[in-house]
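Asker: sequence and predicted structure are below.
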Amino acid sequence: MNSLVLSIITSVSCLCLFDGSAVAQQKRLMTKMRIVDTLINDKHIHYKGFENILNHKKGIVLKKSLIECEVLVKGNNFVLIPGSIGTKRVYIHTNMTNNSRIFNSEVNGVRDGIWVIYNTHKYVSSIDYYENSKLRLIVNFWDKGAVKSVYWFENGIPESHWFYDKKGRILNRSPDF
């Protein structure tokens, strides 16, 4: 409790003193990081999560990116639900029955489950979802971790898509809504 009060007081004083850069400083002080350890199908899984106590955003930390999402463990599946709560979201998962890792895993030499792609600055540029070695979904991200777009694939061909603004609001009104 004392550290929470100290963070709030520190962030308020930054706001008064530095004006322009205070918002970034305030977010950093108000974001709690935690390591999550769990077992899925008798495999030890751990990942780094975050939660911002000011704006209530939470998700997973992947290198430099704070990806806003829900993380679930359902049966033998590690599930990511990227995006903010108030908009349309997708469910992607890695089945831990056949896979040894939650990200970038191969089964019999082919991609399976959740694949994380980084840009040259070590931010997540996209998360690709493979099912039975076929690309099914690509979720693109802004550098700050918000969803930028979602593309669905059928037999390697894009079938539909959603676009989001930098605040996570859906922009297009395609027929699949």
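Answerer: Nice, I can see it.

Asker: show me what the spatially most central residue of the chain is bridged to.
Answerer: Within the chain, the residue whose C-alpha comes closest to the C-alpha centroid is Ile67; the distance, by CA atoms, centre = their mean, is 3.1 Å. Taking DSSP bridges, one finds Ile60 as the beta-bridge partners of Ile67.

Asker: residues in contact with it?
Answerer: In this structure, Ile67 makes contact with Gly59, Ile60, Val61, Leu80, Pro82, Val124, Ile127, Phe141, Gly145, judged by CB atoms under 8 Å, 6 or more residues apart in numbering. Where C-beta positions appear, they are placed from N, C-alpha and C, glycine not excepted.

Asker: which among those gets closest to Ile170?
Answerer: Sorting these by how near they are to Ile170, with CB to CB, puts Pro82 at the top with 12.9 Å.

Asker: and for that closest one, the neighbour number?
Answerer: Here the neighbour count serves as a burial measure; for Pro82 (other CB atoms under 10 Å) it reads 23.

Asker: let me see the confidence value for it.
Answerer: According to the prediction, Pro82 has pLDDT 92.

Asker: any idea how far His56 is from it?
Answerer: As for Pro82, its distance to His56 is 16 Å (criterion: CB to CB, to the nearest Å).

Asker: please apply the same query to Tyr123.
Answerer: Using CB to CB, which is the criterion applied here, Tyr123 is 22 Å from His56.

Asker: of the two, who's got more company?
Answerer: Summary of the neighbour comparison: Tyr123 and His56, criterion other CB under 10 Å, with Tyr123 having more neighbours (18 against 9).

Asker: list the contacts for that one?
Answerer: Residues in contact with Tyr123 (CB under 8 Å, 6+ apart) are Lys63, Lys64, Ser65, Phe141, Asp143.

Asker: again with Met96
Answerer: Contact partners of Met96, counting by CB under 8 Å, 6+ apart, are Ile40, Asn41, Lys43, Ile45, Asn76, Asn77, Phe78, Ile102.

Asker: tally of neighbours for the fourth one?
Answerer: By other CB under 10 Å, 16 other residues sit near Ile45.

Asker: what pairs with it across the strands?
Answerer: Ile45 has these beta-bridge partners by DSSP bridges: Thr38.
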